[in-house]
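*Asks:* kindly return the folded structure for what I paste below:
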Amino acid sequence: MLAETCNPNMPSLPLLGYQFARSISQHVKLVLATQIRNKPAIDKEGLGNAEVVYFDTENVAALMDKLGRFLRKGKDVGWSIQMLVNYPTHLAFERAVWNRFKADLRNGQFDVVHRLTPMTPTTPSYMASKCPIPFVIGPLNGGLPWPRQFTQELKREQEHITYLREAYRLLPYYRPTYKKPKAILAAHAHTINDLPVSSRSKAINFPENGYDPNLFPMVERKRSDRMTVLFAGRLVPYKQSVVVLQAFANSPILQRHRLVIIGDGPERPRLEQIVQDYGLEGCVEFLRSVPYDDFARVMQQADIFAFPSIRELGGNVILEAMAVGLTCVVVDYGGPATFIDTDRGVKIAMGDFSHLTHEYQVTLEHLVAHPDEVVRLGKAAHEHALQYYSWEVRSQKMLEIYNWCIGRSDTKPDYWQTYGSGDVVQDTEKVD
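*Replies:* Numbers count the residues shown, from 1 in each chain. Below is the predicted model of the structure:
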């Protein structure tokens, strides 16, 4: 498994890569290749049953990190720029891995090579062009257009490079990246549609997000006349935390309840000014950060998770909120729309800022007035998360794909196929 980005002490993709690799190591004989900068954290936390091999490509990685931060003018925005700048880093890493393992791969020491990270479809793989055995890539997540109602947020996010996105198809190794794999895992329909037409038959809809039920258990909440609405995420323009805050500012009903905003970023001064202008100090609380180990506890003390992000590719925080039984209110676009349906949350149709603010206000006012509905939707969300997104379920699904790739199964796996009570996929002979 190739996971250049894999770190238990870093949020978002590094943590996701670490959790994915650790879970699958319980079911296969896993050799994980990762970057040397991840060694202190992995050595401390361990990585399940995996054998970890570290590669020092800092001569390229450190330079690209520095260049990316310079072009982005910081680290909070401009992620598409950073993805492009990181391409040489990933090439250097995969070349090093190939040089280390090419003899073993040619001699049949492994059954499958799986490139786990990066999870963007815009970063071609050097290893895909070289690999002599079944190659798996993904889960990939990308290809989601920027909503036309928020062009100003696009500029503030420094995502101008979005207009040149299709140029990634001209990068070296693009063609073999999508021609050679046996399986291409893609998180969403829009990602599958972004693949070359000739490669779509290899695609398997496979969400990138997962969670540990032991870390995010559901609890019975005490009834209270004052409900807590929670937002958690980076305070950057596209997350649109201002929508929830403005909904509170406009609503005397919501002001009888509580809004907790967890996160930090360039939008924070704007949010604090709104609190001051509307006198919301008694109902709005800011938390700059919460340690990951305490995050579930904070979620368990809330009732509703309001997340109005207007271009969320994934949204693992929504999955964690569902796991603990929160009723989630999301924008019906991108990753969040795949987690939530009308039987387990609320989806708000995409629109401009005024539309979203009004719809969030109306929705939240309805929910705080109907606590039984909040409980019902939260329980349904928990059950859905447990059925499809626990790391154990995801590992079993991944094992199905590996077995199909090496010919042990003739049926192309379907992630969303459900089994009877107690049924699991048996890994009687472990894959390497």
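*Asks:* so what's the residue nearest the centre of the chain up against?
*Replies:* Relative to the mean C-alpha position of the chain, the nearest C-alpha, by CA atoms, centre = their mean, is the one of Gly314, at 3.9 Å. Neighbouring residues of Gly314 by CB atoms under 8 Å, 6 or more residues apart in numbering: Asn141, Ala187, Glu208, Asn209, Gly335. (Each C-beta comes from the backbone N, C-alpha and C, glycine too.)
*Asks:* swap the cut-off to 6 Å and go again
*Replies:* Asn141, Glu208, Asn209, Gly335 (CB atoms under 6 Å, 6 or more residues apart in numbering).
*Asks:* pick out whichever of these sits closest to Phe216.
*Replies:* Asn209 (12.1 Å; CB to CB).
*Asks:* that closest one contacts Ala321, doesn't it?
*Replies:* No - here Asn209 does not reach Ala321: they are 11.8 Å apart, not a contact under CB atoms under 6 Å.
*Asks:* looking at these two, which one has more neighbours?
*Replies:* Ala321 (32 against 24; other CB atoms under 10 Å).
*Asks:* against Ala369, how distant is that one?
*Replies:* Ala321 sits 21 Å away from Ala369, going by CB to CB, to the nearest Å.
*Asks:* where along the stretch 101-250 of the chain do the strands fall?
*Replies:* Using DSSP state E, counting those that start in this stretch, the strands of the stretch 101-250 of the chain run over residues 113-117, 135-140, 183-186, 203-205, 228-232.
*Asks:* dump those strands into a markdown table; add mean pLDDT and mean neighbour count as well.
*Replies:* A markdown table is the format used below for the strands of the stretch 101-250 of the chain (pLDDT from 0 to 100; neighbours: other CB atoms under 10 Å):
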| stretch | mean pLDDT | mean neighbour count |
| --- | --- | --- |
| strand 113-117 | 97 | 26 |
| strand 135-140 | 97 | 25 |
| strand 183-186 | 98 | 26 |
| strand 203-205 | 97 | 19 |
| strand 228-232 | 98 | 24 |
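*Asks:* out of these, nearest to Arg106?
*Replies:* strand 113-117 (12.0 Å).
*Asks:* report the angle between the axes of that closest one and strand 135-140?
*Replies:* 20 degrees (axes from the mean of the first three to the mean of the last three CA atoms, to 10 degrees).
*Asks:* tell me the strands beside strand 113-117, with direction?
*Replies:* Within its sheet, strand 113-117 is paired with strand 2-3 (parallel), strand 135-140 (parallel), according to DSSP bridges.
*Asks:* Trp146 is nearest to which of those?
*Replies:* Here strand 135-140 is closest among these (CB to CB), at 18.4 Å.
*Asks:* so how far is the closest one from its chain's centroid?
*Replies:* Taking CA atoms, centre = their mean, to the nearest Å, one finds strand 135-140 lying 15 Å from the centre of the chain it belongs to.
*Asks:* okay, it in PDB with CA atoms only?
*Replies:* Output of strand 135-140 as PDB, limited to C-alpha atoms (Å, rounded to 0.1, in the frame of the first residue of the first chain):
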ATOM      1  CA  PHE A 135      -3.000  -2.300  -9.200                       C
ATOM      2  CA  VAL A 136      -5.700  -0.500  -7.200                       C
ATOM      3  CA  ILE A 137      -6.000   3.300  -6.900                       C
ATOM      4  CA  GLY A 138      -8.300   5.300  -4.600                       C
ATOM      5  CA  PRO A 139     -10.700   6.000  -3.200                       C
ATOM      6  CA  LEU A 140     -10.400   9.100  -5.400                       C
END
